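S.K.: Turn this into a structure:
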Amino acid sequence: DQLPSLNTVIDVYIDPHGDRWFSTSEGAVRLRDEEWTPVTPDPPLPHRTVHQIIRDRDGALWFATMGGAARHDPRLVVFEAGDHLPGSADNLFGTATGDLWIAHNGPAGVSRLRGDTLTTWTQEDGLPGHVHKVETDRAGRIWLLTDYGAVRHEGDRLALLGTDGYPSKKGGRSEGSWRA
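M.R.: Numbers count the residues shown, from 1 in each chain. Okay, the predicted model is just below:
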């Protein structure tokens with residue numbers, strides 16, 4: 001079998017049951033037992049370009065799209081760009097504690113969904129640039145990988161590290177940590 005005629009495959013998520021969920025420029029599709037099924041929730045995803053699909057610790061599927069993020073389990077809950085998020089959702093990361101981190105573009109930033117509370121940090125808050133990826137370390141600290149180095153989130157603080165692992169000197173001045 002083949003992937004349906006779609007433009008660009010952006011990412012793939014393999015769930016615990018072995019299903020493959022493909023993020024593409026023309027939507028999301030699932031491959032189960034050699035059968036392709038387009039993901040067509042009602043209401044629809046916020047945008048047809050899907051950057052990433054993940055499953056959170058509660059088993060819900062999340063879709064990062066050009067138009068925002070959406071949670072599907074079993075109904076669709078949408079966080080639209082402009083209404084809930086400052087921009088398109090580029091990257092998703094679920095933590096062991098249940099938080100969902102959403103890296104977004106336009107403006108560059110990151111949002112954390114904790115329960116029903118969405119908290120957003122952008123460049124206006126001191127974030128150094130576009131967040132390409134969100135990860136966690138063994139201690140459970142969140143790391144934001146940006147255009148200008150790594151930012152570590154701990155409690156209510158963000159600490160900017162340069163690409164060499166030391167505090168950044170972006171713009172000729174030393175950058176350290178700041179309150180989020």
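S.K.: Residue 28 versus residue 112, what's the distance?
M.R.: Distance check for residue 112 against residue 28: by C-beta to C-beta, to the nearest Å, it reads 23 Å. (Glycine included, C-beta is placed from N, CA and C.)
S.K.: next one: residue 124
M.R.: Look at residue 124 and residue 28: by C-beta to C-beta, they are 32 Å apart.
S.K.: Of those two, give the one with the bigger neighbour count.
M.R.: Neighbours per residue (other C-beta atoms under 10 Å) separate residue 124 from residue 28, with residue 28 holding more: 28 against 10.
S.K.: Quick check: the more buried one touching residue 39?
M.R.: Yes: contact criterion C-beta atoms under 8 Å: residue 28 and residue 39 qualify, at 3.9 Å.
S.K.: Now for the two: what residues contact both?
M.R.: 21, 45, 63 (C-beta atoms under 8 Å, 6 or more residues apart in numbering).
S.K.: Please narrow the residues you listed to those residing in strands.
M.R.: 21, 63 (DSSP state E).
S.K.: Confidence-wise, which of the shared contacts of residue 28 and residue 39 comes last?
M.R.: In terms of pLDDT, the lowest of these is residue 45, showing 90.
S.K.: Contacts only, for that residue.
M.R.: Contacts of residue 45 by C-beta under 8 Å, 6+ apart are 27, 28, 39, 63, 65, 67, 70, 76, 78.
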